[in-house]
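Visitor: Sequence and predicted structure, then a few things I'm wondering about:
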Amino acid sequence: MSEIRRFLMLASAALLVAGCATNASEPAAEKPAPAANEQLPEGYFQTPADAYTRAKAHTELAAAYYGIGNMGVALQEARIAVASDPNYAPAYNIQALVNMDLKDNAAAEANFQRGLKLAPNDPDLNHNFGWFLCQTGRVQQSMPYFRAALSNPLYSSPSRTYAAAGRCLLDIKQVKQATEYFERALRLDPNNVNAMLPFADALLKRGQFEEAREIVERYNRASPPSAEALWLAVRIERKLGNRVAENSYAAQLRLRFPKSAEYQALQRGDFE
């Protein structure tokens, strides 16, 4: 049994325990929680602890379905989580992420803002909203949210935020600051593959070709070859004047990713 299936079964079992309906004249009996946008049925009572537990379980289910790409069920679970406890900030976070994946940017932004209103210091909400703003062309607006995530001393994933902020800064040609962020990301987590390629790209732009080569080689040891990595390697070796290595990477790009945008750029000779 896969880890995701095991998690889904455990989370489903937890829902049977969370939020049972009670009535003063009869013993507790399990009733299904109301779906999103539904009114509580007559006689249904849910304590704050029940509401929290049910919202948490549905949020975790939503995250699991989001992780396997089942956006329809993920969205449904997130909505049930919000309906179960409208004050549970993580439910808005996962709902916003699903909205992002479904290209519903207005709903995503609204849900991020609702979550941050409830939990303004939550590092995951701040990171994800920062990334959302970056992806919707608002890089400068994204930076305070990345900084807010990083300022939380209990945040467990600062490396990913430094990497994300660096990628956003690179998009607006702030190469020096982007490079500093990538360096911080890799100091915290030397195996952060999300930082490696944009870091190598930034080093290439700064003319630090040997350093860029080293980072790409680290990436290739840590992750399967990608079109982006091979194309970056082609450009680095070209700058270094190593035609043998350049041709080797170009051949791999052609054989592995003949339909990629990177291979199309190679065919055009668009090395810049």
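Guide: Yep, it's here.
Visitor: What are the boundaries of the strands in this protein?
Guide: Here the chain has its strands, by DSSP state E, at 21-23, 26-29.
Visitor: What mean pLDDT does the last one get?
Guide: Pointing back at strand 26-29 there. Throughout strand 26-29, pLDDT has a mean value of 32.
Visitor: Ok, the shortest one next?
Guide: Taken as a whole, strand 21-23 carries a mean pLDDT of 31.
Visitor: cool, and stretch 133-149?
Guide: Mean pLDDT, stretch 133-149: 97.
Visitor: Give me the buried positions along that stretch.
Guide: Applying a neighbour-count criterion of 16 or more other Cβ atoms under 10 Å, one finds 133-135, 139, 142-143, 145-146, 148-149 buried in stretch 133-149. Any C-beta I mention is one placed from the backbone N, CA and C, and that applies to glycine too.
Visitor: And those, which is closest to residue 72?
Guide: residue 135 (21.8 Å; Cβ to Cβ).
Visitor: Please name the residues that touch that closest one.
Guide: By Cβ atoms under 8 Å, 6 or more residues apart in numbering, the residues touching residue 135 are residue 100.
Visitor: From residue 142, how far out is it?
Guide: Residue 135 sits 9 Å away from residue 142, taking Cβ to Cβ, to the nearest Å as the criterion.
Visitor: what's the lengthiest helix in the chain packed up against?
Guide: Among the elements of the chain assigned as helix by DSSP state H, the one spanning the most residues is helix 48-67. Under the contact definition 3 or more Cβ pairs under 8 Å, 6 or more residues apart in numbering; DSSP states H and E, helix 48-67 sits against helix 3-17, helix 71-84, helix 89-101.
Visitor: How far off centre is that helix?
Guide: How far helix 48-67 lies from its chain's middle: 18 Å, per Cα atoms, centre = their mean, to the nearest Å.
Visitor: sorry, back to before: out of the buried residues of stretch 133-149, what pair is the most spread apart?
Guide: Using Cβ to Cβ, the pair of the buried residues of stretch 133-149 lying farthest apart is 135 and 148, separated by 17.6 Å.
Visitor: What's the per-residue pLDDT of residue 51 here?
Guide: So residue 51 comes in at 87 (pLDDT).
Visitor: Mean pLDDT lowest where, among the helices and strands packed on helix 48-67?
Guide: helix 3-17 (a mean of 46).
Visitor: Quick one: residues contacting the closest residue in space to residue 171 that isn't next to it in sequence.
Guide: Nearest non-adjacent residue to residue 171, counting by Cβ to Cβ, 6 or more residues apart in numbering: residue 139, 6.2 Å away. Contact analysis of residue 139 by Cβ under 8 Å, 6+ apart lists 133, 168-169, 171-172.
Visitor: Among those, which one lies nearest to residue 227?
Guide: For the contacts of residue 139, the closest approach to residue 227 (Cβ to Cβ) belongs to residue 171, at 18.9 Å.
Visitor: Touching, the closest one and residue 134? I think so.
Guide: Yes - applying Cβ atoms under 8 Å, one finds residue 171 in contact with residue 134, separated by 7.4 Å.
Visitor: if I pick residue 150, what's in contact with it?
Guide: Contacts for residue 150 (Cβ under 8 Å, 6+ apart) come out as 123, 158, 161-162.
Visitor: Find the centremost residue of this structure, please.
Guide: Here the mean C-alpha position of the chain is nearest to the C-alpha of residue 128 (Cα atoms, centre = their mean), at a distance of 6.7 Å.
Visitor: Just confirm it contacts residue 96, I think it does.
Guide: Yes - Residue 128 lies in contact with residue 96 (Cβ under 8 Å); the separation is 6.8 Å.
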